[in-house]
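Visitor: Sequence plus the predicted model coming up.
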Amino acid sequence: MSLLLIGAGAAALFALISFIGPLLVRTAAPVLMRVPRLAVYGLLLVSLMWWAVVAALSLMAASLFKGPDVLPVPLADVCQRCLIAASPFPGLAQVDTLVPVVLFLIFPLVLSVVSAVWALQQRTRRRQANSAAAQRLRRDSAVADINGHSLNVLDGRAPFAFSMPQKYGGVIVSEALCATLEKNELTAVLEHERAHVEGGHHRVMAIVDTFVRPLSFIPLFAEVAASIPLYLEIIADNRARQVAGTPALASALLKIGQPASHSDHLGGLHALNIAGPDRIRQLVSPATMTSGVLPVVALVSVLAAFVTVFSSVFYSYATVLATGCAIP
């Protein structure tokens, strides 16, 4: 019964983290917004390690439980010896279950294969969408030299700017934007969009759209999918502020307003737009860091726990395979 309690406790703690994680991510924002690049990769790592822990818990369950044999007897005996040797709790009796243990063993493999196939499909769809958007841009835009850079300029009454991966068009602006903004404001906008292109932010969003957003029904994944684009905007804002200054960027954002559906349509689903919510407030009056310190510590602890569980389980299995399933 002790093994069953251990497994149930681990699964319950994992589920609890999945549901309280959003609160930690939100309350950690005052600190994370000051290190946005670290925040982006940290949140991505938490999400990807969640998948790794799922696989690790499946392998742990295979060593904790004993189910009906579905393999030939010689092979089943070898697997049983290996599972006993790989158990993270040697000396404790396994718990009988009606579920064949082989299902726990193959689940990580199935998960990996499904994830790889899904990633390839999403990559193909993303390329097709970007290619279609690039064709529209080449048809409807003109190339102009702005602030020493060759950019695609679209005819439009609304001021807007967005970016795509460099090979699909890079930075795109409207004629109205160039006419509306002062020189330093336009510099801020262009530096912001170039930060997206040169920083590989579209690749980051491709990872989010492929591995995080599909699981938005899990609160932790929904919060990470919503937070990472905001931190990417802060990264781009920081570059614009360094070059053109905070007043120029804030003034430009005021003139641009909210994202226009026209620019969204021209850029496709995967364009990154300069307009967005609450940006000016974050620029001129960021929240104090104090309230975010403890949530950051908690998030780091969660990530450390994920890494520990994953590494310990897979290390035990790797050791068993290397030593030939020797039972301690």
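Guide: Sure, I can see it. Residues are numbered from 1 along each chain as shown.
Visitor: how many other residues sit next to T290?
Guide: When neighbours are counted by other CB atoms under 10 Å, T290 registers 9. Every residue, glycine included, has its C-beta placed from N, CA and C.
Visitor: surely it meets A28?
Guide: No - assessed by CB atoms under 8 Å, T290 is found out of contact with A28, at 12.0 Å.
Visitor: now the strands for the stretch 151-300 of the chain?
Guide: Remark: strands assigned in the stretch 151-300 of the chain by DSSP state E, counting those that start in this stretch are 161-163, 171-174, 272-273.
Visitor: Tell me which of the ones you listed lies nearest to A55.
Guide: Among the strands of the stretch 151-300 of the chain, strand 272-273 comes nearest to A55, with 31.9 Å by CB to CB.
Visitor: And the average pLDDT for that closest one is what?
Guide: For strand 272-273, the mean per-residue pLDDT is 66.
Visitor: Can we start the residue count at 193 from this point?
Guide: Fine by me, first position is 193 from now on; the one you just mentioned is strand 464-465.
Visitor: For the stretch 393-520 of the chain, which segments count as helices?
Guide: 393-399, 411-436, 438-448, 453-459, 471-476, 485-515 (DSSP state H, counting those that start in this stretch).
Visitor: any chance of the strands of the stretch 343-492 of the chain in CSV, plus mean neighbour count?
Guide: Putting the strands of the stretch 343-492 of the chain into CSV (neighbours: other CB atoms under 10 Å) gives the following:
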stretch, mean neighbour count
strand 353-355, 26
strand 363-366, 25
strand 464-465, 22
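Visitor: Quick one: those strands as JSON lines, columns for distance to H384 too.
Guide: As requested, these are arranged in JSON lines below (distance: least, CB to CB, whole Å):
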{"stretch": "strand 353-355", "distance to H384": "8"}
{"stretch": "strand 363-366", "distance to H384": "9"}
{"stretch": "strand 464-465", "distance to H384": "9"}
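Visitor: Against V499, how distant is E367?
Guide: Using CB to CB, to the nearest Å, E367 is found at 50 Å from V499.
Visitor: for the stretch 343-492 of the chain, which spans come out with low pLDDT?
Guide: For the stretch 343-492 of the chain, residues meeting the criterion pLDDT under 70 lie at 450-470.
Visitor: how many neighbours does S255 have?
Guide: If you count neighbours by other CB under 10 Å, S255 ends up with 26.
Visitor: for the one 3 residues further on, same thing?
Guide: Burial measure for K258: 18 neighbouring residues, criterion other CB under 10 Å.
Visitor: Quick check: it vs E415, distance?
Guide: 38 Å.
Visitor: Which one, of the strands of the stretch 343-492 of the chain, ends up nearest to V306?
Guide: Per CB to CB, nearest to V306 of the strands of the stretch 343-492 of the chain: strand 464-465, 28.5 Å.
Visitor: just the strands in the stretch 193-342 of the chain please.
Guide: Under DSSP E, counting those that start in this stretch, the stretch 193-342 of the chain gives strands at 257-258, 287-288, 333-338, 341-346.
Visitor: Just put these in CSV and tack on distance to L446.
Guide: Output for those, formatted as CSV (distance: least, CB to CB, whole Å):
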stretch, distance to L446
strand 257-258, 60
strand 287-288, 63
strand 333-338, 21
strand 341-346, 21
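Visitor: hey, least reliable of the ones you listed by pLDDT?
Guide: Sorting the strands of the stretch 193-342 of the chain by mean pLDDT places strand 287-288 lowest, at a mean of 68.
Visitor: thinking again about what came up before, dump the helices of the stretch 393-520 of the chain to JSON lines, plus mean neighbour count and distance to A311.
Guide: Listed next are these as JSON lines, based on neighbours: other CB atoms under 10 Å; distance: least, CB to CB, whole Å:
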{"stretch": "helix 393-399", "mean neighbour count": "18", "distance to A311": "9"}
{"stretch": "helix 411-436", "mean neighbour count": "20", "distance to A311": "16"}
{"stretch": "helix 438-448", "mean neighbour count": "20", "distance to A311": "34"}
{"stretch": "helix 453-459", "mean neighbour count": "18", "distance to A311": "23"}
{"stretch": "helix 471-476", "mean neighbour count": "16", "distance to A311": "31"}
{"stretch": "helix 485-515", "mean neighbour count": "16", "distance to A311": "20"}
